[in-house]
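Colleague: When you get a sec, could you give me coordinates for this:
(one chain, ligands or ions: 1)
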Amino acid sequence: MSDGHRCPVCFSDAATKIGQHASSENGINYSLYECENCRLGYCDPPVPAESSYYRDMEWYGERWEFQRVFAVTQLSNGSILEIGCGEGHFIRHANERRNHVVGVDFNDEVVDRCRRRGLDADVVCLDYDRMKDFSCFQKPFDMVVFFHLIEHIENIHEFLGCCRKALAENGFLVFSTPDRSRANVYFRRRETWDYPPHHLTWWGETAAREVLQRSGFELCHLENEPLYFRDIHRNVVSSTLELLPKTIQGNAWCFRAAYYLMFSRSALLYLSNIVSRTISGNTLLVIARLGPESVGPKA
Ligand SMILES: [Zn+2]
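Modeller: Numbers count the residues shown, from 1 in each chain. Next comes the predicted model:
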């Protein structure tokens with residue numbers, strides 16, 4: 001049972017403690033839990049990073065899921081709200097299908113860069129604290145999208161409620177998030193950016209289904225990024241070479257011989273087949289639609 005904390009998705013207080021993380025950035029000692037009901041990973045206290053961190057560190061670029069969104073939804077000639085649009089990489093894909101995009105981001109420098117790309121989009125700079133205030137947009141949208149954002153959000157149901165209000169009838173809600181069963185986590189090489197105060201929650205399929213059901217959306221499509229050979233290769237090679245005696249690690253010829261012996265391509269392919277049953281791709285993509293009636297978050 002919890003010491004006062006609850007799962008931010010299903011509100012259950014039954015959780016297993018899975019770790020502790022002392023942040024060197026804000027001095028907070030976070031406790032890490034896994035909800036026993038929906039399997040969401042979450043931290044306590046749920047205190048996010050200062051917005052100044054993201055101004056300097058946020059990465060924007062092409063993502064696997066951009067093309068998948070349109071392959072699944074087939075949306076064209078529609079209106080899309082993208083929250084956290086960055087430099088407009090997703091907007092370019094949306095424009096290829098003649099969709100008009102309203103992009104919002106709190107980083108005025110990337111908003112400027114996005115505007116200069118000549119995209120069919122209205123790009124708006126909103127304060128970090130106002131990134132869920134979409135009431136200024138009069139027309140409802142056919143799709144609301146946000147990529148690698150939900151894991152940063154403290155009040156998930158409040159945020160999804162704002163998204164719901166911005167959607168037209170039958171509109172799509174689309175989001176992606178790092179999958180908590182990806183190779184780097186499985187091999188205990190979790191990235192530093194995956195800890196609080198940057199990521200406050202860690203998602204898998206069960207938690208995604210739960211949050212949609214509780215916030216009035218119907219799941220249409222759930223997909224894992226393909227498991228890339230390079231991710232397995234890097235993790236398996238690094239983990240195993242560390243186990244070799246120091247004398248072999250320090251001798252270039254012994255090291256090379258051990259490497260080829262253990263990691264010939266056929267052996268790696270065989271290994272990939274086995275581990276792909278327990279390891280997910282890096283990202284989870286979720287596509288949903290507004291449910292038949294607005295039910296609101298159910299505690
Ligand atoms: Zn839960």
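
Colleague: Could I get the full set of strands for the stretch 101-250 of the chain?
Modeller: Taking DSSP state E, counting those that start in this stretch as the test, the strands found in the stretch 101-250 of the chain are 121-125, 141-147, 167-178, 201-202, 217-224.

Colleague: Strand partners (parallel or antiparallel) of the last one?
Modeller: This points to strand 217-224. Looking at strand 217-224 with DSSP bridges, its partner strands are strand 283-290 (antiparallel).

Colleague: what does the strand it pairs with contact?
Modeller: Strand 283-290 is touched from outside by 63-65, 68-69, 72-73, 148, 164, 167, 169-179, 182, 203-205, 208, 212, 216-225, with contacts defined as Cβ atoms under 8 Å, 6 or more residues apart in numbering. Any C-beta I mention is one placed from the backbone N, CA and C, and that applies to glycine too.

Colleague: Just the C-alphas of it, formatted as PDB.
Modeller: Extracted C-alpha coordinates of strand 283-290, given in PDB (Å, rounded to 0.1, in the frame of the first residue of the first chain):
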ATOM      1  CA  THR A 283       8.300   3.900 -28.600                       C
ATOM      2  CA  LEU A 284       4.600   3.200 -28.100                       C
ATOM      3  CA  LEU A 285       2.200   4.900 -30.500                       C
ATOM      4  CA  VAL A 286      -1.400   5.300 -29.400                       C
ATOM      5  CA  ILE A 287      -4.300   6.400 -31.700                       C
ATOM      6  CA  ALA A 288      -7.800   6.900 -30.200                       C
ATOM      7  CA  ARG A 289     -11.100   8.600 -31.000                       C
ATOM      8  CA  LEU A 290     -13.500  10.500 -28.800                       C
END
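
Colleague: and the angle for that strand with strand 141-147?
Modeller: 160 degrees (axes from the mean of the first three to the mean of the last three Cα atoms, to 10 degrees).

Colleague: Relative to the whole chain's centre, how far out is strand 283-290?
Modeller: In terms of Cα atoms, centre = their mean, to the nearest Å, the centre of strand 283-290 is set 11 Å apart from its chain centre.

Colleague: Can you check what angle separates that strand from strand 167-178?
Modeller: 170 degrees.

Colleague: Can you give me the neighbour number for the residue of the stretch 51-200 of the chain found nearest the ion?
Modeller: The ion sits closest to residue 156 of the stretch 51-200 of the chain, with a gap of 10.7 Å, by Cβ to the ion. Per other Cβ atoms under 10 Å, the neighbour tally for residue 156 reads 22.

Colleague: And the one 4 residues further on, by the same measure?
Modeller: By the criterion of other Cβ under 10 Å, residue 160 has 24 neighbours.

Colleague: repeat for residue 60
Modeller: Using other Cβ under 10 Å, residue 60 has 19 other residues around it.

Colleague: Assumed it was part of a helix.
Modeller: No: under DSSP: H, G, I helix; E, B strand; the rest coil, residue 60 falls outside any helix and is assigned coil.
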